[in-house]
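**Student:** here are the coordinates; sequence isn't available:
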């Protein structure tokens, strides 16, 4: 039995194995990795404050309305709901992204199976499940909004494909695009541009949509988006909404915000930095399968095709890569929506190479080389994920680890240090239930604190007025003696 036939016959159990691997890579040690500074910590603080206050419209940060993170609040809503359901902890902070990433792998496998067969679907899921940036760079192991946005973009593409034969499926574009807007604001233009690309081709070829289905889709988009805009307008007028449009969209597109700049090949560098393993497998697949230049040009000039599926796939691949490239603000995680397409591309190249050389006796060595490189890519990718979790993300090596280990004792106390970042602030306030304080020195701590309060230091302290509570070798946690009344 050939490998393709084996994949067809046993697709469901094999797909579940790939999904289990994805779930392992995305969830294993999820509660032992520290909270990242900036976006993850900002979402965490805002969601915790929303869960406490119950105010779902005015997103706050450290007690004040937040105009810096000028995104609509869907991700905050979901994390706040997780906090209410499971309590504030590292897993509930990330569970929305983790589940979204697992769904992406599942959807990609099933959809690609329909397009190119079971083998390509399974391999695409495997590539994505082991892709480093998909897992770690604002990925499924974070509290960021990018995995859910990537899922919505992928579902938009799947919906457009389904609507070719079932016209009323187009109504699902309404809630999908509404979700994309409420999640990432003007980033909704990415899935919307894919829709426009396909619809422009359909108009040119005189393929008309059902008008009632389009009307329902527009209504399902306008209702949730309009309701949130109206509620936000009542709160602070145009202040937040103008920030969303002028700063987050216009300024971010035309100027490099906060020093996040890069050249034309910025994202090519991102791909080779994070996905050299699967890029190598793709290059070997090209070597084994050969290159047919007419076919290459046909794919590059996809807009000339008479096939709607080709237009859809070409628009998806091109726009998820082109839009981040054209923006002046560059961030490595802007490629998240591209990674499912990247995984499909690698899987298709490998399957094509193996299929074309299946009955070529002289190509046996090259086939073995390709299979070996694919297996090596899986091993390297898995090893990198494990190594990174233990050696670059372990919460035990951080200040957050000290706080989490003593969370029950710290509840209701004040914790002093020379400076705190936002990630540590989230852990102290939301998880430990304590309050962070800033002091310039140990002497200032003794002056400003009371018995039972805590002090974090990078240096060992030998003073009878404090008791050593815990140390991880890099940082030390001390508690002021209850017998010390020198304040």
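**Tutor:** Looks like it arrived, so ask away. From a predicted model like this one, the values you see are computed outputs, not experimental measurements.
**Student:** Follow the chain on from the one helix or strand in the chain whose mean pLDDT sits lowest and name the next helix or strand.
**Tutor:** Least confident helix or strand of the chain, by mean pLDDT, DSSP states H and E, is helix 293-300 with a mean of 76. As assigned by DSSP states H and E, the chain's next helix or strand after helix 293-300 is helix 308-326.
**Student:** Rounded mean pLDDT for that next one, please.
**Tutor:** Averaged across helix 308-326, pLDDT comes to 96.
**Student:** Just give the closest residue to residue 123, not the sequence neighbours.
**Tutor:** residue 347 (3.8 Å; CB to CB, 6 or more residues apart in numbering). Quick note: C-beta positions are derived from backbone N, CA and C, even for glycine.
**Student:** got the angle for the least confident helix or strand of the chain vs helix 308-326?
**Tutor:** Per axes from the mean of the first three to the mean of the last three CA atoms, to 10 degrees, the angle that helix 293-300 makes with helix 308-326 is 70 degrees.
**Student:** just how off-centre is helix 293-300 within its chain?
**Tutor:** 32 Å (CA atoms, centre = their mean, to the nearest Å).
**Student:** residues in contact with that helix?
**Tutor:** By CB atoms under 8 Å, 6 or more residues apart in numbering, the residues outside helix 293-300 that reach it are 305, 314.
**Student:** if we can go back for a sec, surely the residue nearest to residue 123 meets residue 113?
**Tutor:** No. Assessed by CB atoms under 8 Å, residue 347 is found out of contact with residue 113, at 10.8 Å.
**Student:** what sits in contact with each of the two?
**Tutor:** 120-121.
**Student:** Neighbour count for those two, which is higher?
**Tutor:** residue 347 (29 against 20; other CB atoms under 10 Å).
**Student:** what does the host helix or strand of that one contact?
**Tutor:** Per DSSP H and E: residue 347 is located in helix 339-356. In this structure, residues lying in contact with helix 339-356 by CB under 8 Å, 6+ apart are 3-4, 104, 108, 112, 116-117, 119-121, 123-128, 131, 133-134, 150, 154, 271, 275, 278-279, 281-282, 285-286, 288-290, 316-317, 320-321, 367, 370-371, 374.
**Student:** Next, the angle from it to helix 308-326.
**Tutor:** Using the same axes, to 10 degrees, the inter-axis angle of helix 339-356 relative to helix 308-326 is 130 degrees.
**Student:** Sort out which residues of the helix or strand immediately after helix 339-356 in the chain are buried, please.
**Tutor:** Of the helices and strands lying after helix 339-356 in sequence (DSSP H and E), the nearest is helix 364-391. Neighbour counts over helix 364-391 (16 or more other CB atoms under 10 Å) mark 366-367, 370-371, 373-374, 377-378, 380-382, 384-385, 388-389 as buried.
**Student:** average pLDDT across helix 364-391?
**Tutor:** Average pLDDT, helix 364-391: 95.
**Student:** And the very next helix or strand once past that helix, how far out from the chain middle?
**Tutor:** As assigned by DSSP H and E, the chain's next helix or strand after helix 364-391 is helix 399-405. Centre-to-centre, helix 399-405 and its host chain are 25 Å apart (CA atoms, centre = their mean).
**Student:** Skip ahead from helix 399-405 and say which helix or strand is next.
**Tutor:** helix 407-410.
**Student:** got the buried residues for that next one?
**Tutor:** Across helix 407-410, burial judged by 16+ other CB under 10 Å covers 407, 409-410.
**Student:** go on, stretch 408-417?
**Tutor:** Quick answer for stretch 408-417 (16+ other CB under 10 Å): 409-410, 413-417.
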